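Trainee: I would like the atomic coordinates for the input below:
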Amino acid sequence: MATYEKTVRDHRTGRKCARCGGALHDSIVNFGEDLPAQALENAFQNAKKADLCLVLGSSLTVTPANEIPEVAGRNKKAKLVICNLQTTPLDKLSSSRIFSKTDDLMIRVMEKLQIPIPTFILRRRLSVEVATVSGTPQLKIGGVDEDGTPVTFVQSVRIEGNRRVLRTEPFIFSFRDGLEPGTDLKIDLEFMGHYREPNLEIIQEYQRENEGLALYLLEYDPYTGAWSTNKQNDVIDIVNANECIDLTDDTTILSDELSNVTG
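Mentor: Below you'll find the predicted structure:
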């Protein structure tokens, strides 16, 4: 927990980096803060070039972001489509005005375009390292990013038969009484819960001759509430199964389908 008095411009999270010990900062733009200057400039430039600007679920009342779709709305060669349950100040500039939930609209648009919506799957990487330190078996557990950088997503770790519950990184268990080869270590993981993910138990077999790093690829489906695991002996890269869709040439099609859906 943070020990300092936070202000709107203080982005420290109160946590430390598992690798360097430095303070972790969030990337949120709070009310009262300026948007990144270069990103904002790029947005305005792109709005000037856009053939279609689609606004989803915005009241269009917060400056300067609300001025971006206005650029497209005042361009006679462009179309502005607004989807929001309440009225907005730019409604009169819109080519199509849709009073709907954004999810409901986009599901129908994607059906019209015959583009499947990929199922969201939460993917995590968990490293489990077994080593002998000064004659004592040790188990080190932690989350890792694709490049091997430590990442925090585990709240606590418990091992069956061990009274200790570790709530502070790094999660290191020492077995001073030793471990018999072939022992199954049942590891109970409690997550931060940002996706309401339940606890997960993984089993790591202890073999002294096979000490080293194992990587578990964890996948959580929030729709079914189920975890799936895949153990790898070596750290590997995961390619997201979701396909990227190029809509560069489909601006006119998207605009027509929006009209069909709402008409």
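Trainee: which residues in this structure form strands?
Mentor: Secondary structure of the chain by DSSP state E: the strands cover 12-16, 23-25, 52-56, 79-83, 96-98, 122-133, 136-143, 154-159, 165-166, 171-174, 183-191, 200-206, 212-221, 226-232.
Trainee: retrieve the pLDDT associated with the closest residue to Asp188 other than its chain neighbours.
Mentor: Leaving aside its chain neighbours, Asp188 sits nearest to Arg158 (4.5 Å; criterion: CB to CB, 6 or more residues apart in numbering). (Each C-beta comes from the backbone N, C-alpha and C, glycine too.) In this prediction, Arg158 carries a pLDDT score of 95.
Trainee: against Lys186, how distant is Arg158?
Mentor: Here Arg158 is placed at a distance of 9 Å from Lys186 (CB to CB, to the nearest Å).
Trainee: neighbour count: the two, which is higher?
Mentor: Counting neighbours by other CB atoms under 10 Å for Arg158 and for Lys186 shows that Arg158 has the greater number, 20 against 14.
Trainee: on that earlier part again, what bridges to the residue nearest to Asp188?
Mentor: Val165, Asp188 (DSSP bridges).
Trainee: and if you look at Val130?
Mentor: Residues in beta-bridge contact with Val130 (DSSP bridges): Leu139, Gly212.
Trainee: buried residues, stretch 109-120. List them.
Mentor: Val109 (16 or more other CB atoms under 10 Å).
Trainee: could you dump that stretch to CSV, C-alpha only?
Mentor: In CSV, the C-alpha atoms belonging to stretch 109-120 read as follows (Å, rounded to 0.1, in the frame of the first residue of the first chain):
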residue,chain,number,x,y,z
VAL,A,109,-22.1,-4.6,-37.9
MET,A,110,-19.5,-7.4,-37.7
GLU,A,111,-22.2,-9.9,-38.7
LYS,A,112,-23.0,-7.7,-41.7
LEU,A,113,-19.3,-7.6,-42.6
GLN,A,114,-19.0,-11.3,-42.0
ILE,A,115,-16.1,-10.8,-39.7
PRO,A,116,-16.0,-13.1,-36.7
ILE,A,117,-15.5,-11.5,-33.3
PRO,A,118,-12.7,-13.5,-31.5
THR,A,119,-13.5,-14.8,-28.1
PHE,A,120,-11.5,-12.9,-25.4
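Trainee: quick one: residues contacting the residue nearest to Asp188.
Mentor: Applying CB atoms under 8 Å, 6 or more residues apart in numbering, we find Arg158 in contact with Arg164, Val165, Leu166, Ile187, Asp188, Glu190.
Trainee: export the residues you listed to a markdown table and tack on pLDDT?
Mentor: Output for those, formatted as a markdown table (pLDDT from 0 to 100):
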| residue | pLDDT |
| --- | --- |
| Arg164 | 89 |
| Val165 | 94 |
| Leu166 | 94 |
| Ile187 | 95 |
| Asp188 | 96 |
| Glu190 | 96 |
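Trainee: now list the buried members of the residues you listed.
Mentor: Among the contacts of Arg158, the ones that count as buried by 16+ other CB under 10 Å are Leu166, Ile187, Glu190.
Trainee: tell me the most buried of the strands of the chain?
Mentor: Of all the strands of the chain, strand 79-83 has the most neighbours on average by mean count of other CB atoms under 10 Å, namely a mean of 23.
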